[in-house]
Every structure is written in C-alpha cells, then in structure tokens.
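In: Just need the structure, nothing else, for what follows:
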Amino acid sequence: VQLQASGGGLVQAGGYLRLSCSASGSTFRTYTTGWFRQAPGKEREFLARITYSAGPTYVAPSVRGRFSISRDNALNTVYLQMDDLRPEDTAVYYCAQTGPRNSYDFWGQGTQVTVSS
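Out: Numbers count the residues shown, from 1 in each chain. Alright, predicted model coming up:
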C-alpha cells in the first residue's frame with residue numbers, strides 16, 4: 001500500500017485547507033484510514049479516522065467541530081477538511097491505513113500545514 005498526502009500549505013488563522021490522502025497498491029477491504037499530525041518537539045497526535053465503508057467516523061475532541069473526515073472510494077482518496085485553522089494547528093500532517101492486524105501499518109510521507117497569526 002502506498003499513501004500520498006497532499007493539500008498542505010500556508011494559510012492565515014481562520015482559514016481552511018482540505019488535505020487529501022490517495023491510496024494505491026493492494027488494500028484490505030476492511031481497512032481504516034486515519035489522519036495524524038506532529039508539530040516540532042511534540043508527539044504525534046491522532047486526529048480522525050474513517051472506515052473503508054465510510055461508516056461512523058471519529059474525530060478527536062481536540063479538533064472536533066473544526067475538522068472533519070470523509071472519503072471517496074471511487075478515487076481511493078480520504079479527505080481531512082480543516083476549518084477555522086489556528087496557529088497551533090501548524091504541523092506535518094500524515095495519513096495512515098490499517099493492515100490485517102488493525103494497526104496503522106502504512107503511512108504517507110506527510111504534508112506541511114502552517115497557520116500564520
């Protein structure tokens with residue numbers, strides 16, 4: 001499985017971005033895709049996840065109400081919509097996908113998001 005995260009950039013506080021995670025290669029029908037971020041000097045933080053069937057999603061309380069996750073299986077792409085961005089959202093954002101053990105075994109390369117005040 002190869003994952004490609006894109007859509008990051010520089011945005012002013014209060015702005016929005018939509019990140020995309022495109023998947024290629026072999027996949028498992030029951031996989032889950034998640035979004036994470038890591039800011040300099042901080043631990044990686046889980047943000048949201050969505051199943052292959054696009055059933056119930058989960059968004060971490062820290063970003064709930066501002067971030068949402070969705071997917072388009074026809075395009076093999078998962079999206080992270082980020083609204084009302086804040087300087088503290090500045091980080092490298094990663095997408096990941098679970099494997100047969102239901103752990104996040106496959107990771108994209110990350111996309112930088114920078115929010116200016």
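In: mind listing the strands for the protein?
Out: Ranges of strands within the chain are 2-6, 9-12, 17-24, 32-38, 45-51, 58-59, 67-72, 77-82, 91-98, 104-107, 111-116, based on DSSP state E.
In: Save those strands as CSV, and put in mean neighbour count and mean pLDDT too.
Out: The C-beta positions use only the backbone N, C-alpha and C, and glycine is treated the same way. Listed next are these as CSV, based on neighbours: other Cβ atoms under 10 Å; pLDDT from 0 to 100:
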stretch, mean neighbour count, mean pLDDT
strand 2-6, 17, 95
strand 9-12, 13, 98
strand 17-24, 18, 95
strand 32-38, 22, 96
strand 45-51, 19, 96
strand 58-59, 16, 96
strand 67-72, 17, 95
strand 77-82, 22, 96
strand 91-98, 23, 96
strand 104-107, 17, 94
strand 111-116, 17, 98
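In: which residues pair with the most centrally placed residue in the chain across the strands?
Out: Geometric centre of the chain, nearest residue: Trp35, 2.8 Å, by Cα atoms, centre = their mean. Beta-bridge partners for Trp35, by DSSP bridges, are Ala48, Cys95.
In: so it makes contact with Ile69?
Out: Yes: shown here, Trp35 and Ile69 form a contact pair, counting by Cβ atoms under 8 Å, at 6.5 Å.
In: Which neighbours do the two have in common?
Out: Residues touching both Trp35 and Ile69 (Cβ atoms under 8 Å, 6 or more residues apart in numbering) are Ala48, Arg49, Val78, Leu80.
In: what's around Tyr31, how many residues?
Out: 18 (other Cβ atoms under 10 Å).
In: isn't it right up against Thr98?
Out: Yes: using Cβ under 8 Å, Tyr31 is in contact with Thr98, at 4.9 Å.
In: Tyr16 reaches Arg86, doesn't it?
Out: No: between Tyr16 and Arg86 there is no contact under Cβ under 8 Å: 11.5 Å.
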